[in-house]
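# let me see the structure of the following:
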Amino acid sequence: MIEWLDFYRPYFTESSDLEQFVQVCESLEVHDPRHRAKIMMHQGRRLLSVADRMEIVEPGYEPLKLLFLLICAENISKLNVSTEELGQSRYHVRRFFCKFCSPSDKQAILENIEICQKNSSFEDLIDILYDVRCDVVHEGHYWGFNFATDEHPSMLTGANAEQVLRVRMKYEEFRDIVARGVVAATSEVLRT
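You can find the predicted model right below:
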């Protein structure tokens, strides 16, 4: 249990809530209809850790990190509704961010990732990030998008051929938003 406690600790304000979350997830047996919460907790850690390791695999290629964060979002959304349906990836990525991100996390995304020269909704912005994911998956185009850094606190970056984004959010900040969404989606299953 220590690996789960260590990984999810930053996303809980109370140690007792963290311990209960991990203990309940870990205790779920396959026959329990909430067993998918255990899978969600495990998959969240695995996919977020893979996203982190992309810096070792291909340093500086941020779309690879974004790819795995959005794979995590899609996977968690599908598990949350207990579906094994194929497709509907864009829908589930959008659903994850719209349903499981807190209002303050949504606001942070809106304030720190903006589509240049366009008024856009939160859903529009998530769709643009999903388009970056599609460029990686379908075109092998894993460059051209960047998160902000300490050295470059504001980045103009291409989302696709038609869109330019101004990104003032660091990878770690976006990753933490996804991690908090994993906790929220998993907690919802535990409550059912």
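# for the rest of this, base every contact and every neighbour count on C-alpha atoms.
Fine.
# elements contacting the helix or strand of the chain with the lowest mean pLDDT?
Scoring the helices and strands of the chain by mean pLDDT, DSSP states H and E places strand 155-158 at the bottom, with a mean of 79. Strand 155-158 is packed against strand 164-167, with contacts defined by 3 or more CA pairs under 8 Å, 6 or more residues apart in numbering; DSSP states H and E.
# need the longest helix for this structure.
Counting by DSSP state H, the longest helix found in the chain is helix 35-57.
# mind listing what's buried along that one?
35-41, 43-45, 47-52, 54 (16 or more other CA atoms under 10 Å).
# report the rounded mean pLDDT for stretch 94-114.
In this model, stretch 94-114 carries a mean pLDDT of 96.
# chain center to that stretch: distance?
10 Å (CA atoms, centre = their mean, to the nearest Å).
# contacts for it, please.
Contacts to stretch 94-114, defined as CA atoms under 8 Å, 6 or more residues apart in numbering, come from residues 73-74, 76-77, 122-123, 125-127, 165-169, 174, 177-178, 180-182, 184-185.
# out of those residues, which are buried?
Among the contacts of stretch 94-114, those buried by neighbour count (16+ other CA under 10 Å) are 73-74, 76-77, 122, 125-127, 165-169, 174, 177-178, 180-182, 184-185.
# didn't residue 143 look like it was pressed against residue 65?
No - with contacts counted by CA atoms under 8 Å, residue 143 stays clear of residue 65, the gap being 10.8 Å.
# neighbour-wise, which of these two wins?
Per other CA atoms under 10 Å, whichever of residue 143 and residue 65 has more neighbours is residue 65, with 27 against 17.
# can I take it that the more buried one is in a helix?
Yes - under DSSP: H, G, I helix; E, B strand; the rest coil, residue 65 sits within a helix.
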